[in-house]
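Enquirer: kindly return the folded structure for what I paste below:
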Amino acid sequence: MAKEIWRPPETGVIKINFDAAFKSSDKCAITAALARNSSGDIIGAETYLFEDVVDAFVAEARACERALIFAGMMGLWHLIMEGNSLTLANEAAHILAIEGRRFQRFGFWVEGVTDAVKEKAMNDRLDWFQSSYSTF
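Expert: Predicted coordinates for the structure are as follows:
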């Protein structure tokens with residue numbers, strides 16, 4: 001089975017990856033949205049705390065909802081939404097959610113995502129670049 005990699009959107013489109021880190025003992029979910037352009041550059045990110053979440057399925061649904069709100073706040077309209085906690089192609093958003101939970105960092109920013117998220121986004125871009133040239 002081939003490794004699934006993150007792929008950038010077409011020029012003029014923004015891809016928002018979203019995920020949630022759910023903690024059943026606290027019934028809390030930290031959602032994350034990570035917006036990247038066609039070059040794979042991070043153009044914005046958000047983590048958000050939800051309380052009284054009943055399960056991981058609801059946490060993922062809330063992550064999608066929050067990602068759409070985030071897109072609207074950023075004025076983004078040409079979008080691809082991508083969220084699947086079971087694929088490695090969504091790992092940067094997953095890292096953002098986990099780090100939001102670990103550091104209790106919730107908010108919206110254009111710059112300042114953690115080094116781990118930046119590194120994963122850069123590796124995503126490199127993986128995509130290498131895979132696109134290995135097909136020739």
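
Enquirer: Ile95 is in contact with Ile30, correct?
Expert: No: taking contacts as CB atoms under 8 Å, Ile30 lies outside contact range of Ile95: 11.7 Å. For every residue, glycine as well, the C-beta is placed using N, CA and C.

Enquirer: anything in contact with each of these two?
Expert: Counting by CB atoms under 8 Å, 6 or more residues apart in numbering, Ile30 and Ile95 have no shared contacts at all.

Enquirer: and these two? which has more neighbours close in?
Expert: Ile30 (26 against 22; other CB atoms under 10 Å).

Enquirer: in the chain, where is pLDDT below threshold?
Expert: Within the chain, the stretches with pLDDT under 70 are 1-3, 85-87, 134-136.

Enquirer: so which residue is dead centre in it?
Expert: Nearest to the mean C-alpha position of the chain, by CA atoms, centre = their mean, lies Ala93 at 2.8 Å.

Enquirer: contacts for the helix or strand hosting that one, please.
Expert: In this assignment (DSSP states H and E), Ala93 forms part of helix 91-103. Residues outside helix 91-103 that contact it (CB under 8 Å, 6+ apart): 6, 17-21, 23, 30-34, 45, 47, 49, 63, 83, 85, 105-106, 113-114, 116-117, 120-121, 124.

Enquirer: and that helix, which residues are buried?
Expert: Neighbour-count burial for helix 91-103, counted by 16 or more other CB atoms under 10 Å, picks out 91-101.

Enquirer: do the same with stretch 62-76
Expert: Buried-residue list, stretch 62-76, by 16+ other CB under 10 Å: 62-64, 66-68, 70-71, 74, 76.

Enquirer: could I have the CA atoms of that stretch written out in CSV?
Expert: Output of stretch 62-76 as CSV, limited to C-alpha atoms (Å, rounded to 0.1, in the frame of the first residue of the first chain):
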residue,chain,number,x,y,z
ARG,A,62,-17.0,20.2,15.3
ALA,A,63,-13.5,20.5,13.7
CYS,A,64,-15.0,20.7,10.3
GLU,A,65,-17.6,23.2,11.4
ARG,A,66,-14.9,25.3,13.1
ALA,A,67,-12.6,25.1,10.0
LEU,A,68,-15.4,26.6,7.9
ILE,A,69,-15.8,29.4,10.4
PHE,A,70,-12.0,30.0,10.3
ALA,A,71,-12.1,30.1,6.5
GLY,A,72,-14.8,32.8,6.6
MET,A,73,-12.9,34.8,9.2
MET,A,74,-9.9,34.7,6.9
GLY,A,75,-12.0,35.7,3.9
LEU,A,76,-11.2,32.5,2.1
